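In: have a look at this prediction, sequence included:
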Amino acid sequence: MQRIGVFVCWCGSNIAAAVDIETVVQAMKSEPGVVYSTDYQYMCSEAGQGKLKDAVKEHGLTGIVICACSPRMHEATFRNAAKAAGVNPYMVEIANIREQCSWIHRDRAEATAKAVVLSRTAVAKVNLNTPLTPGTSDVVKRALVIGGGIAGLQSALDIAEAGYQVDIVEKQPTIGGKMAQLDKTFPTLDCAACILTPKMVDAAQHENIRIYTYSEVEQVSGFVGNFSVRIRGKARSVKADICSGCGLCMEKCPSKKAKDEFNMGLNNRRAIYIPFAQAIPNVPVIDREQCIKFKTGKCGLCARVCPADAVDFEQQDSIIEERYGAVVLATGFHTLSLEHYDEYQYARQPDVITSLELERIMNAAGPTGGKLLRPSNGKAPKSVVFVQCVGSRDTTGCGKTYCSKICCMYTAKHAMLIREKYPEVDVSVFYIDVRTPGKNFDEFYRRAVEDYGVRYIKGMVGKVVPEKGRLLVRGSDLLDDSQVALEADLVVLASAVEADASAKGLATLLTASIDTNNFYTEAHPKLKPVESPTAGVYLSGVCQGPKDIPETVAQASAAAVKVVGLLSKDKLLSNPCIARADELLCSGCSNCEHVCPYGAVSYIEQELRIHGRNQIRRIAKVNEAICQGCGACTVVCTSGAMDLRGFSNSQIMAEVDALCR
Amino acid sequence: MHQNNNYLVETAAQISGVNPKSCMKCGKCTASCPAFDDMDLSPHMFVSMVEAGRIRELMESTSLWKCLSCFACVERCPRGVEPSTLMEAVRLMVIRKQGGHRISADEIPELLDKRIPQQALTSAFRKYSR
Amino acid sequence: MEHRVYSLPKKRMGELFGLISSSRQLFLPMEKGGQFQFSRVDEHTDLEGVSLDRLLTAGSAKELFFPQTQQIAAFRRRGKEIELTSAETLTSAFVAFGVRACDARSLEVLDRAFLGTPRDTMYEEKRSKGTVVTLACNEPEETCFCSVFSIDAASPKGDVETWIAGDTLYWRPGSEKGAELTQELDALLDPCSEEEPEGLIQLKQQIRSIIGKLPLGRLSLEQFRPEALQELFDDPAWQKLSEPCIGCGTCTFVCPTCQCFDIRDFDTGEGVQRFRCWDSCMYSDFTTMAHGNPRTSQVERFRQRFMHKLVYYPANHDGLYSCAGCGRCVSKCPNSMNMVKVMKTLGGAQHV
Amino acid sequence: MHNSSCTVKETARKILESGQAERLLGWEQDSSGYNHAPAVFKSAGELDRFIYDRFCGSNLSKLLARLREAEGRTAVLLKACDRESFNLLVREHRIDPEQVHRVDIECSGMVDIEKLRNKGIKGIREITESGDELHISTLYGEKRCRSEEVLLEKCLSCPAVSSADAFDAVGQMEERSSLERYEFWKEALSTCIRCNACRNSCPVCTCEQCIFDNPRSGTAGKASADFFEDQHFHLVRVFHAAGRCTDCGECTRVCPQGIPLYLLNRKVIKDINELYGELSLEDKELGKGALTSFSFQDAHPDIIRKRTGDQ
Amino acid sequence: MSVDKQPFKPLIAAFCCNWCSYAGADLAGTSRLAYPAEVKIIRVPCSCRVNPLFVLRAFQRGADGVIIAGCHPGDCHYTTGNYYARRRMTLLFSMLDYLGIEKERTKLDWISAAEGVKFATVMNDFSKEIHALGRNTRFGDLRCTTAVAQ
């Protein structure tokens, strides 16, 4: 049985004016468990807290009820006071008789009666409270960044700069990601490589950063502060430690038929290759599906010419096991495959290209050396038509329902760059809406229209038809209420951004949730935009939703700050008001696991002694470091095995009883 | 019978099952329409007028009868609005209002004209007779 | 004391019920929610629902004397004081009409449990106020095996014994209580001239002949002797027998002789109301004590029920079996396991 | 039925003889001709007592869950209505599918002996089947009855037996006024004797300890002294099965008081079907149920207030 | 009923999630927005913590109405709790309605921490509905109602 002290606060006249304090004090004296009941003008004051501490000593209180303002206001204050007096802070409950009583009820008798009910409800709860202690767990001072694009690099650099170890895992042979493929960046039109490659070098040279390229995360276990991760380094077939990156092997390689992924398949590469000149690491990789040696067993030319003897056809995948305190997801994006959009003829007409392909064509290091040429015949185009929203804002299931956010700006950029370099080329853009929120963004778009003479047509393209070696683009001009048919030499499609295919698998590994579009879900859309619902897992860049480079970098740094904040702690204290399964009642049905938003519930086979007999049962275990205490699991538990400390079934039912009495 | 406007809007929605509010005014329907040149109201305007409740005007328009029901707009619409279905609904409303047969099998030979697509005639027969 | 037989034309039974219910509460087998059970009849009741053709009510007549839930006491909190009130409610005199021979025997079984030492005053109160009017079973069913326990369904023992033979109700008081009731009904009941009228003799013969043909009528009780207790207890067959048992309490709740109850407190928020309610030895929480539960597996619980009925009870009560062969468990078990199968399996070679 | 009965027995024999399973869960014949109890058969020799006929209504998957700890594989016979329960038990880890040899058997409807009795047929000695008729030989003469008239409630909407819509009765109940529904349930549920047959036969109810048996749960209410407790018991029972109930019909079959419990379970299923439809593939893969998943577009509970206008 | 001396004073239990609706109630208080005193709040961490048993318990103990308030869809502090609550309560309310319990006695609403006005409005409206319905006689436990009825 508890020894409960009730302290009724006047809050000056805030409570006392509407509630008869003495009635409440007297009423509480006859409540079960109450051994002391008193009042004071300002309980939250130094003197009020002193009164509480004295009462604890004098009456040997084990539980405390404060009838005062909202717990959101002073719960922490009174818990600390209780702690100072030697009572467990979680033995304190607040009856909210100010915000939810004295401030809203005019009738004194009515307000007093309600204050009594609210107070006795708190007493009923405290009677069932148990002392709780926050759990602690250690923090491994190393972070893992998954994805080596601009998002991952920025997060890694920021974490490393703060003095913590970071590993980057990148599945491609080089870091750099999508940004490395871009030509210029809006709205300043500076060259992407010029601003990205220094960051790549910084990361490669940073003493706190390790980079695992051509590697993938294979298994994750553990929880915030202590994740165990298994990384598979795929065999490059080239010994990275001795390769000097001279490039001889690539020159000599006779297999030349592989599509160059970096150049969006616009040209071919060798079977042994470095994706691009500034790749990091500057170590080639053998594409085993293309390599003649791997296909037929004959050749091996690269090995023969290599001055460092670095080519190793026998190389095996390597497995790296490491522990991390935090994980940053920066898995980036892809552009939507346009197979469902027959009307644009993308698959059939080489001169219908995507914007990312145009980036490579425009890029000085690209397949055309930076000259705008038609892929079909290598001739300069006279007219270029851009089509916006291809696969975005599409609710039919072929594309994506969301706006890809970046297309309006990069299309304006492309249009402007073409008009600048080739003023004789006509450029038209079909758009539904032009969306340019961002610093200097709208000005940029208007410049394309006003200074560069890009023709913006409000309407959509219905069909692209090949005609006499050119492309006839049939569209509508809604402002004019007309159908337009433009002859074009190049049609550029702004295909939708979609989450990288690896996102879904990683979400499962990390129990980070994803939305229906496979973008990672943030812990809170407004207040926790860089945290995933799984503690210790953070989100960086487009993997959370479409965004441009400045936004990506901003989020990457924000995620890094969160990681640094976590790694700076030696121990993590966890909220003790969390779920716990009664192992004797648990039936192992997995329902709690299904609803836990944090993946805090796992199942173990445990030997239990039941009726004097040992039995192995499958039972739920809540990871105290991960559980946030929402209670979703408690309600799906049919046997009532799962309960929430601090808000237990019996506590809430006692509250209901007291409230309805 | 006098039909008030709300009734017309509801009927159009009921027959077609189309929600014109999902239109994002991209104009892809109009861009795709092979009968555009003959129409005074283009498909996107059609949707927009249904949304605005201007059904009576649509019922009186001649464009209504120019639609070939080729469903290019239905196929291409990224929002699943189905302008052609909507037109069909308004056509039905006109027909139901006027009642009776508008075409019979006997009349078809007379109407046969090389310039009329056969598909149009068949669908007209299907639609305008009972 | 031998009582004489009275008769009443069957069509006047409505008047009989009216007369009984004018001075006492009357309970008759009636249809309610698709089921037949003993229900209170008064002047407003539509007697259409009365069914005396249906052999058995879903629940037995036990409910009238030992209800499923009965309040014992109430505790109320006054500040920090507790006020106790006993929930002694006095029963008014009542008549249960249409009780079958098996149910009537079951009351004898309950009497031994409740009216021994200590006496169960709540049961005693109801028993003393209740008059049992039995009714002979014109059409026994294949699930009946009362004859195994020497119960004569053709001549059911009760405070009053009745028969419906053709168009006539025959009425014979069987006890003082019954005689009193008979006197109250003087205006309606017509004393017969013979000691046993011809119609009655014929009916009894007819019933006995059917009982002779019942498929379960010749079960043997020979094996179920106190001396065989240990042997039966250790019989490996229990394992197999209990396999289909899912531990529901259906058999115990429809059983006319099951007498176990639990005491439960209900917290009303301001106090406690204490009830007693039927319990079932088939339940995992049956007789749970501080240390746990004495029977932790279903096979033990299953064995307990049948051992109690067939061995422990007769051992303690002069050979009276705690089963009346009503057959309710035979027809109601969800998984078709029942007393009969137990008796056949354990009862000796001739039935295996 | 007779044919399939022989085939099932033959299948059972093969399984036990070949050692595909250590034991087989089936039904054991009773001399009454209808009271066949579920039983475990450990060898082909024991199959003499095996039966599969019109009176094998019980759902064996529930009993299978109890054999979880038995050594070796158990073969189980599953009628169409029992299969979903089996799947659920697998989903909720109450049965290890590796330890089970599952045999799907045909069924053309099971007979409800209570319905037969309600037709006034008593003193049953033997029941034989001929075409779609049952011939019942009783102490009181020969009786006949069309088998479709006396099928178990669960068979009446089984696609294998009938084309009736399982939700018709629920729909009719919904049509009634609130007060009528209240009166209906008050009468129906007040006959409940709280014997727990519905719970204990339900394949969904496999908790190690039921909250109704747990005095600490605050819900244990053995003494149903107020009508609230009858409502409460059935409401909680139905709710615990919500999104999990497979409409196997056991609760209705076993209720000794004949309470139409299917009207409750099917109401939840109907609601789930109408409001939430099929589970997404992903949820299915994860083994989620209707109440352990959600969609952003789910209806707000106010939809209930709008649904029927009456008081 | 007409002989009742005292006017009907209903009892309404309001389960409010700690992060949105409880804060919304606080804001209503801070803004001095009145709602009937019969509305009494129980704080829960999330609307998904509300077990249907709690709702039934409240009715058993004599509550005339039960309302659950949580974060708006998409705003849940725990990201998904209110979605689970929405489904569960929809099915519960539907089942109660099916059993013939007046469907106006139960409600679920979304009230954010900024919606003090909405909190007061919702509670006022709900209370009005309960007043119109009168005492809960179909779904209470007679053993518990003595105190309320006095």
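Out: In hand now; what should we look at? Numbering: from 1, shown residues only, chains lettered A, B, ... in the order given.

In: quick check: bridge partners of the residue nearest the centre of chain E?
Out: Central residue of chain E (C-alpha atoms, centre = their mean): E:Ile67, 1.7 Å from the mean position. E:Ile67 forms beta bridges with E:Ala14, E:Lys107, as assigned by DSSP bridges.

In: helix or strand for D:Lys9, which one?
Out: For D:Lys9, the enclosing helix or strand under DSSP states H and E is helix D:2-18.

In: so what touches that helix?
Out: Contact with helix D:2-18 is made by D:20-21, D:23-24, D:26, D:41-44, D:47, D:50-53, D:75, D:77, D:101, D:103, D:105-108, D:129, as judged by C-beta atoms under 8 Å, 6 or more residues apart in numbering or on different chains. In short, each C-beta sits where N, CA and C put it, glycine included.

In: what do you get if the cut-off is 10 Å, keeping everything else the same?
Out: D:20-27, D:41-48, D:50-54, D:56, D:73, D:75, D:77, D:101, D:103, D:105-108, D:128-130 (C-beta atoms under 10 Å, 6 or more residues apart in numbering or on different chains).

In: where do the strands of chain E begin and end?
Out: Under the criterion DSSP state E, strands of chain E are mapped to E:12-17, E:39-44, E:65-70, E:106-110.

In: would JSON lines of these with mean pLDDT and distance to A:Tyr341 be doable?
Out: Listed next are these as JSON lines, based on pLDDT from 0 to 100; distance: least, C-beta to C-beta, whole Å:
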{"stretch": "strand E:12-17", "mean pLDDT": "96", "distance to A:Tyr341": "44"}
{"stretch": "strand E:39-44", "mean pLDDT": "96", "distance to A:Tyr341": "49"}
{"stretch": "strand E:65-70", "mean pLDDT": "96", "distance to A:Tyr341": "41"}
{"stretch": "strand E:106-110", "mean pLDDT": "95", "distance to A:Tyr341": "39"}
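
In: distance to D:Val161 for the ones you listed - can I get that in TSV?
Out: What follows is the strands of chain E, written out as TSV (distance: least, C-beta to C-beta, whole Å):
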stretch	distance to D:Val161
strand E:12-17	45
strand E:39-44	47
strand E:65-70	42
strand E:106-110	38
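
In: can you tell me which residues in chain B are near chain A?
Out: B:22, B:24-34, B:36-37, B:39-45, B:48, B:72-81 (C-beta under 10 Å from any C-beta of the partner chain).

In: can you select the buried ones from those residues in PyMOL?
Out: Filtering these down to the buried ones (16 or more other C-beta atoms under 10 Å in any protein chain shown) takes a single PyMOL command:
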select buried, chain B and resi 24+25+26+27+28+29+30+31+32+33+36+39+41+42+43+44+45+48+72+73+74+76+77+78+79+81
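
In: mark which of the residues of chain B next to chain A are part of strands, please.
Out: Among the residues of chain B next to chain A, no member falls in strands (DSSP E).

In: returning to what we had before: which of the contacts of helix D:2-18 are buried? Put it as a PyMOL command.
Out: Here the buried members of the contacts of helix D:2-18 are turned into a PyMOL selection, burial being counted by 16+ other C-beta under 10 Å:
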select buried, chain D and resi 21+22+23+24+25+26+27+41+44+46+47+50+51+52+53+54+56+73+75+77+101+103+105+107+108+129
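
In: contacts for the helix-or-strand element of chain D with minimal mean pLDDT?
Out: Between all helices and strands in chain D, the lowest mean by mean pLDDT, DSSP states H and E belongs to helix D:281-286, at a mean of 75. Helix D:281-286 has contacts (C-beta under 10 Å, 6+ apart) with A:504, A:508, A:516, A:590, A:593-594, D:91, D:278-280, D:288-290, D:292-295.

In: just the buried positions in that helix, please.
Out: For helix D:281-286, by 16+ other C-beta under 10 Å, it's D:Asp283, D:Leu286.

In: looking at whatever helix or strand comes next after it now, give me its mean pLDDT.
Out: Note on helix D:281-286: by DSSP H and E, the next helix or strand toward the C-terminus is helix D:302-307. The pLDDT scores in helix D:302-307 average 86.

In: CA atoms only: put helix D:302-307 into PDB for me.
Out: Output in PDB follows, covering the C-alpha atoms of helix D:302-307 (Å, rounded to 0.1, in the frame of the first residue of the first chain):
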ATOM      1  CA  ASP D 302     -17.700   9.100 -37.800                       C
ATOM      2  CA  ILE D 303     -18.700   7.000 -40.800                       C
ATOM      3  CA  ILE D 304     -20.500   4.800 -38.200                       C
ATOM      4  CA  ARG D 305     -22.600   7.700 -37.100                       C
ATOM      5  CA  LYS D 306     -23.500   8.500 -40.600                       C
ATOM      6  CA  ARG D 307     -24.300   4.900 -41.600                       C
END
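
In: just the strands in the stretch 201-350 of chain C please.
Out: C:261-267, C:271-278 (DSSP state E, counting those that start in this stretch).

In: how close does the residue in the stretch 351-500 of chain A that chain E sits nearest to get to D:Arg253?
Out: Using C-beta to the nearest C-beta, the closest approach of the stretch 351-500 of chain A to chain E is made by A:Tyr402 at 14.8 Å. A:Tyr402 sits 51 Å away from D:Arg253, going by C-beta to C-beta, to the nearest Å.

In: wait, A:Thr62 touches A:Gly33, no?
Out: Yes. With contact defined as C-beta atoms under 10 Å, A:Thr62 counts as touching A:Gly33 (8.9 Å).

In: which neighbours do the two share?
Out: What both A:Thr62 and A:Gly33 touch, as defined by C-beta under 10 Å, 6+ apart, is the set A:Met1, A:Gln2, A:Arg3, A:Ile4, A:Val126.

In: let me know the closest of these to chain B.
Out: Closest to chain B, out of all of the shared contacts of A:Thr62 and A:Gly33 and judged by C-beta to the nearest C-beta, is A:Val126, at 53.2 Å.

In: what is the neighbour count of the closest one?
Out: The burial count assigned to A:Val126 is 26, neighbours taken as other C-beta atoms under 10 Å in any protein chain shown.

In: ok, now which ones touch it?
Out: A:2, A:4-6, A:31, A:33-34, A:62-65, A:90-93, A:95, A:651, A:654.

In: then A:Arg72?
Out: A:Ile94, A:Asn96, A:Glu99, E:Asn18, E:Trp19, E:Tyr22, E:Ala23, E:Asp26, E:Arg43, E:Ala113.

In: who wins on neighbours among those residues?
Out: The contacts of A:Arg72, ranked by neighbours (other C-beta under 10 Å): first place E:Tyr22, 29 neighbours.

In: could you find the closest non-adjacent residue to that one?
Out: Using C-beta to C-beta, 6 or more residues apart in numbering or on different chains and skipping the chain neighbours, the partner closest in space to E:Tyr22 is E:Cys16 (4.2 Å).

In: which residues touch the one you found?
Out: A:100, E:22-26, E:41-44, E:47, E:50, E:67-70, E:111, E:119.
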